[in-house]
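S.K.: Okay, here's the prediction I keep looking at, along with the sequence it came from:
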Amino acid sequence: MPANRNDKGARRSLPLELLERLRDLDRDVSLKEALALLYVAENDGISLSELRWIMRDTPSTVSRIICRLGAGLDGKAGLYLIEQSTWAHDARVRCLHLTQTAQLLLDSVWQQAGASLWWNGNDRPPKVADRSAG
């Protein structure tokens, strides 16, 4: 897909490509939902409270986003892209992981968008702790 109407041969950036792919699944997907998915992809096992802090949003907003990206909310089916587990050391802490469906989607998006352009030639984005090393 072209990056814009004026540059037919350019690749689309990863965030835009991801947003378009998510909107193919559900036309109402928001930019915040795409952003949350990228944060979970970068930080497998991130806790819900850590994600709230990174996104600088209210607990209810981030919980609603995770429900939409997960199994659903208020009787409406979710996208099944994120699953939750409890932390082994504290059952109150919910950790977030990509589902296999999300991993396949992101692999496809990274190939389409040319991931090497975005992450110094790596196949995956660096973990938050590794960013200073890149």
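M.R.: Here it is on my side, so go on. Remember, it's a predicted structure, so these values are computed and weren't measured experimentally.

S.K.: What about the nearest residue to residue 13 once chain neighbours are set aside, how many residues nearby?
M.R.: In space, and not counting its chain neighbours, residue 13 is closest to residue 113: 6.3 Å by Cβ to Cβ, 6 or more residues apart in numbering. Bear in mind the C-beta positions are built from the backbone N, C-alpha and C, glycine included. Burial of residue 113 is recorded as 21 neighbouring residues (other Cβ atoms under 10 Å).

S.K.: Residue 56 too?
M.R.: 7.

S.K.: Repeat that for residue 87.
M.R.: Neighbours around residue 87, by other Cβ under 10 Å: 12.

S.K.: That one bridge partners, please.
M.R.: Going by DSSP bridges, residue 87 is paired in beta bridges with residue 90.

S.K.: Nearest to the middle of the chain, which residue? Look it up for me.
M.R.: Most central in the chain under Cα atoms, centre = their mean is residue 37, positioned 1.6 Å from the mean C-alpha point.

S.K.: Now for that one: which residues touch it?
M.R.: Residue 37 sits next to 18, 22, 69, 81-82, 98, 102, 106 when contact means Cβ atoms under 8 Å, 6 or more residues apart in numbering.

S.K.: for residue 19, same thing?
M.R.: Contacts of residue 19 (Cβ under 8 Å, 6+ apart): 29, 31, 34.

S.K.: Could you report the pLDDT at it?
M.R.: pLDDT, the model's per-residue confidence, is 87 for residue 19.

S.K.: Sticking with it, tell me its helix or strand.
M.R.: Assigned by DSSP states H and E, residue 19 falls within helix 14-25.

S.K.: still on that earlier bit, okay, and which of the contacts of residue 19 map to helices?
M.R.: Among the contacts of residue 19, the members found in helices (DSSP state H) are 31, 34.

S.K.: Reformat the contacts of residue 19 as a markdown table; add pLDDT and neighbour count.
M.R.: Putting those into a markdown table (pLDDT from 0 to 100; neighbours: other Cβ atoms under 10 Å) gives the following:
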| residue | pLDDT | neighbour count |
| --- | --- | --- |
| 29 | 93 | 21 |
| 31 | 91 | 10 |
| 34 | 93 | 20 |
